[in-house]
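Q: structure, please.
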Amino acid sequence: MAYAVRFHETGGPDVLRWEQVAVGAPGPGEVRIRHQAVGLNFADTYFRTGLYPAPLPAGLGVEGAGVILAVGPGVTEFAAGDRVTYTGSPLGAYSTERVMPTGSLIKLPDAIGFDTAAAMTMRGLTSAYLLRRIHPLEAGDTILLHAAAGGVGLILTQWAKLLGIRVIGTVSTEEKAAVAREHGCDHTILYRRENVAERVRELTDGEGVPLVLDSIGKDTVEASMASLRRRGLLVCFGTASGVPPLDAMQLAVHGSLFVTRPALADYIADPAERATLAGELFDHVAAGRITVRIPQRFALPDAVDAHRALESGRTTGSSVFVL
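A: Sure, this is the predicted structure:
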């Protein structure tokens, strides 16, 4: 018997339903997976609220890890019994079992557990492209990272330190500041108490940073632009507080800034590039150079509570559903 979390209308966490579902046999280019762990990501709330449109009724979730139960016709690169992880469409990771296209799957090394994989595949690959593809960073550079105690923040900070990059991170509480520093953040800014841009200028001798990584959006865009040095790059890779309104003239006012709104899908669409980024990520995690913090674990039927916790801002690190 297979079950899934689905929603028939958009809205708050209460629209989520735990339902029995039929999972058919995999077709050409597909496999059937039994999940062992499923990732909980803030982007999941965007689909639930309707910010990201999805045909209703719909499943939820784009990240999971588990074991292949069966492969469809023509599938040669995977076999029943393989351990795999994935991030990407179609929606439906919040499920005990599902059918998936092989194009989204990544073989999971034995050294990495299913819960770790579900907690890091999206966040880790996001960290990978932000550090390795977006901007030519060099050892000694300083960056500003919003939500430094979040799932992406903690992985990215550890990776940045391996590359010799100095990280200034924003957080909401002293507790989150401590977590961020434990994972290598050089300086933390309590954005509710301190002026972010002023502190960044103090920490960079008035120059500002070449790169701001902003997953918050509307509430932080002004501080992000004011923290950049001349011709710096603002990377808006998330919209936790809503889509930021960007006035092109402000980019000139703040020093001929650049801005990009990247999507992970465009950085892992090429199988070779995805394999390169995943391989580097998995090597760091398997060797212990990057640790994945999972303070929150939920049962899949408790998705309503999980979404409430996520949207409250109480969580740190990564969150997963365990099956």
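
Q: low-confidence ranges, this protein, go.
A: Applying pLDDT under 70 to the chain picks out residues 239-243.

Q: and this protein, what are its domains?
A: 2-122+270-322, 135-261 (automatic domain parsing).

Q: and Val320, bridged to which residues?
A: Beta-bridge partners for Val320, by DSSP bridges, are Gly39, Arg297.

Q: my read is that it contacts His35, right?
A: No: contact criterion Cβ atoms under 8 Å: Val320 and His35 do not qualify, at 10.6 Å. Bear in mind the C-beta positions are built from the backbone N, C-alpha and C, glycine included.

Q: who's more crowded, the two?
A: Between Val320 and His35, Val320 has the larger neighbour count (other Cβ atoms under 10 Å), namely 28 against 24.

Q: which ones are touching the more buried one?
A: The contact partners of Val320, by Cβ atoms under 8 Å, 6 or more residues apart in numbering, come to Ala37, Val38, Gly39, Leu40, Asp115, Ala118, Ala119, Ile294, Gln296, Arg297, Phe298.

Q: from Tyr94, how far out is it?
A: According to Cβ to Cβ, to the nearest Å, Val320 and Tyr94 sit 11 Å apart.

Q: which neighbours do the two have in common?
A: Taking Cβ under 8 Å, 6+ apart as the criterion, Val320 and Tyr94 both touch Val38.

Q: ok but Ala303 is inside a helix, no?
A: Yes: the assignment for Ala303 is a helix, going by DSSP: H, G, I helix; E, B strand; the rest coil.

Q: these two touch, right, it and Tyr94?
A: Yes: the pair Ala303 / Tyr94 is scored as a contact, 6.1 Å apart, by Cβ under 8 Å.

Q: comparing those two, which residue is more hemmed in?
A: For the pair Ala303 and Tyr94, the greater number of neighbours falls to Tyr94 (29 against 26), based on other Cβ under 10 Å.

Q: isn't that one up against Ala4?
A: Yes: if you go by Cβ under 8 Å, Tyr94 and Ala4 touch, sitting 6.0 Å apart.

Q: chain center to whichever strand or helix holds Met122, what's the gap?
A: Per DSSP states H and E: Met122 is located in helix 114-132. Relative to its chain's centre, helix 114-132 lies at 7 Å (Cα atoms, centre = their mean, to the nearest Å).

Q: for it, name the packing helices and strands.
A: Helix 114-132 sits against strand 30-40, strand 63-71, strand 83-87, helix 151-162, helix 264-267, helix 271-286, strand 319-322, with contacts defined as 3 or more Cβ pairs under 8 Å, 6 or more residues apart in numbering; DSSP states H and E.

Q: which of those sits closest to His254?
A: His254 lies closest to helix 151-162 among these, at 23.6 Å (Cβ to Cβ).
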